[in-house]
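Student: based on what follows, work out the 3D shape:
(4 chains)
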Number of protein chains: 2
Amino acid sequence: MTATAPETRPGNEPAGPGSQPPGRRERKKQRTREALVDAAFTLFAEKGFDATTVEEIADAVDVSSRTFFRYFASKEDVALTFQEEQTSAVMQALADRPPDEPIMTALRRTVVEIARACEGGGLGFDPERFECLFSMMSDSPTLMAGSLEHAQKKQQLMTEIIAERMGLDPATELRPHVIAAAATCGFQAAADAARRHGGAFGSLSETIDQAFAILEEGLNSPARPPGQDS
Amino acid sequence: MTATAPETRPGNEPAGPGSQPPGRRERKKQRTREALVDAAFTLFAEKGFDATTVEEIADAVDVSSRTFFRYFASKEDVALTFQEEQTSAVMQALADRPPDEPIMTALRRTVVEIARACEGGGLGFDPERFECLFSMMSDSPTLMAGSLEHAQKKQQLMTEIIAERMGLDPATELRPHVIAAAATCGFQAAADAARRHGGAFGSLSETIDQAFAILEEGLNSPARPPGQDS
DNA sequence: CCCAAACTGTCATGCGCTGACAGTTGTCGT
DNA sequence: ACGACAACTGTCAGCGCATGACAGTTTGGG
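Tutor: Purely as a prediction, here's the structure:
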């Protein structure tokens, strides 16, 4: 979803290498885009995702709804902008991990690190927006579906990265696929648990950490309730 | 998605306990419903999911498109009818497993069993339809998203079942959440691998079996390409 | 046989999303 | 400064999905 470009989208592309977008046009685009995201999240927080129409978002920024769709492929896309930033951050952070670290350890630390940033406002992340998106999922199946699809798409990229790091060919080796899937799974299991049982497991990042711990030590290990063993 | 009922849907509900739907009306409903699914899959196979309109499906059965929506909550819903049957079969089969079997073993055998049935036409499953649905996912993001959401919803149910079987409380124990997530993950990793690398790993059911094997033995174990070690 | 419930069709409407075209605004060369 | 060109935007028209309302038909039961 995010960043699909069947039409020529204005918001992204060159923007110059690093600092100053050379043109005034680029800046205007960037401002419009951010204004749209901003207005969208405000309205979402107020009335929920489904109840907010694209026209309302566009009106709030005083552009036509047609223009909205020149910046975002769909209404979901605005909301998932945030998720896109998260997943990108994960990919980035994973690349920066020491290559000799065991893969699961690297994944675990990476994901937990980004999750913590999302919760606490580390890096460029806005905890409020994170919270908003997270709770919106619960009562908008559409958005949830979009989010899952986005995650699944990113998982494919993740598979490639993992495979390369492990020196395996994803076309013949199943392991990288499973590991990538396990990573998203660890996240989703934690999110699901958090959503449905409040903060019973601590903060989200803590829950994620625990989930990864369980994955690493193997799913069969303590086949019975903890407190005693064999 | 599947089986949401904001309006009163005619197709399902009582139908009598087991054998003969008593009324002529029930039978007619059932026939209409099946005809719709049938027509839908035929058209999907012909022109793809997105290119097929609800009106076409309805016309093929000679009902109004309004009626279509009285049987199915959405266009996706028709397609995911099949997936619903699969997941239900999994839940059922899992319940029939000996309770002393390790949970991962039970899950693995269950999922593989159903997958095999889908491929080979075991139980009530139609391999052609299975294949159709499977390939449709690849080129319809909408459908993929719907499928993932459906899977996620079922995973919540699965969590409850697993928790009960393990004698754990899902509100305080993370493990059942992770295990349920791992199960769907095992499936999705296999599906993803199969989709993107042809049959390089064998049939889907075989691939799933391998994926579960990797999950069980732990994700860290052979941290380097097989053939030598540290 | 008639009544009430269930089912269906028609009509109207809202929202998401896209194509086409015309108008405006920024950019760049001269 | 000016004009040509590209980029961006608004308006309009339209398709497809989905839902509410209402009227007409079929079916099952008393």
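Student: secondary structure element for the closest residue to A:Leu123 other than its chain neighbours?
Tutor: Distances taken as C-beta to C-beta, 6 or more residues apart in numbering or on different chains place A:Ala117 nearest to A:Leu123, at 4.6 Å, with adjacent residues excluded. C-beta here means a position set from N, CA and C on the backbone, and glycine is covered the same way. Using DSSP states H and E, A:Ala117 maps to helix A:103-120.
Student: what helices or strands is that helix leaning on?
Tutor: Applying 3 or more C-beta pairs under 8 Å, 6 or more residues apart in numbering or on different chains; DSSP states H and E, we find helix A:103-120 packed against helix A:75-95, helix A:127-139, helix A:141-166, helix A:175-196, helix A:204-217.
Student: what distance separates the longest one from the centre of its chain?
Tutor: By that I understand helix A:141-166. Remark: helix A:141-166 is offset 9 Å from the chain centroid, using C-alpha atoms, centre = their mean, to the nearest Å.
Student: please see if that helix touches chain B.
Tutor: Yes: for helix A:141-166, a contact with chain B is found by C-beta under 8 Å from any C-beta of the partner chain, at A:141, A:144-146, A:148-149, A:152, A:155-156, A:159, A:166.
Student: any quick ChimeraX command for the buried ones out of these?
Tutor: Applying 16 or more other C-beta atoms under 10 Å in any protein chain shown to the residues of helix A:141-166 next to chain B, the buried members can be selected in ChimeraX as follows:
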select /A:141,144,145,146,148,149,152,155,159,166
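Student: what's the closest of the residues of helix A:141-166 next to chain B to B:Gln30?
Tutor: A:Pro141 (27.0 Å; C-beta to C-beta).
Student: for the closest one, which non-adjacent residue is spatially closest?
Tutor: According to C-beta to C-beta, 6+ apart, the nearest residue to A:Pro141 is B:Glu149 (6.1 Å).
Student: ditto for A:Ile208
Tutor: Setting aside the residues directly before and after it, A:Ile208 is nearest to A:Ala190 in space (C-beta to C-beta, 6+ apart), at 4.3 Å.
Student: need the contact list for the residue lying closest to A:Thr184 once chain neighbours are set aside.
Tutor: Nearest-residue entry for A:Thr184: A:Gln155, 5.0 Å, with adjacent residues in sequence omitted and distances by C-beta to C-beta, 6+ apart. Applying C-beta atoms under 8 Å, 6 or more residues apart in numbering or on different chains, we find A:Gln155 in contact with A:180-181, A:183-184, B:192.
Student: kindly report the same for A:Ile162.
Tutor: A:103, A:107, A:176, A:179-180.
Student: sorry, back to before: reformat the residues of helix A:141-166 next to chain B as TSV; add pLDDT.
Tutor: As requested, those are exported to TSV (pLDDT from 0 to 100):
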residue	pLDDT
A:Pro141	95
A:Met144	96
A:Ala145	96
A:Gly146	96
A:Leu148	96
A:Glu149	95
A:Gln152	94
A:Gln155	95
A:Gln156	93
A:Thr159	96
A:Met166	93
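Student: any chance of the residues of helix A:141-166 next to chain B in JSON lines, plus distance to A:Glu34?
Tutor: Shown next, in JSON lines, are those (distance: C-beta to C-beta, whole Å):
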{"residue": "A:Pro141", "distance to A:Glu34": "28"}
{"residue": "A:Met144", "distance to A:Glu34": "25"}
{"residue": "A:Ala145", "distance to A:Glu34": "26"}
{"residue": "A:Gly146", "distance to A:Glu34": "21"}
{"residue": "A:Leu148", "distance to A:Glu34": "26"}
{"residue": "A:Glu149", "distance to A:Glu34": "24"}
{"residue": "A:Gln152", "distance to A:Glu34": "27"}
{"residue": "A:Gln155", "distance to A:Glu34": "28"}
{"residue": "A:Gln156", "distance to A:Glu34": "29"}
{"residue": "A:Thr159", "distance to A:Glu34": "32"}
{"residue": "A:Met166", "distance to A:Glu34": "38"}
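Student: can you pull out the low-pLDDT segments for chain A?
Tutor: Along chain A, the model assigns pLDDT under 70 to residues A:1-8, A:11-21, A:221-230.
Student: sorry, back to before: give me the distance from the helix holding A:Ala117 to the chain's centre.
Tutor: The answer for helix A:103-120 is 12 Å, by C-alpha atoms, centre = their mean.
Student: got a list of contacts for that helix?
Tutor: Contacts of helix A:103-120 (C-beta under 8 Å, 6+ apart): A:86, A:89-90, A:93-94, A:97-98, A:101, A:122-123, A:125, A:127, A:130, A:162, A:165-166, A:179, A:182-183, A:186-187, A:203-205, A:208-209, A:212-213, A:215-216, B:219-220, B:223.
Student: quick one: buried residues of that helix?
Tutor: For helix A:103-120, by 16+ other C-beta under 10 Å, it's A:103-104, A:106-119.
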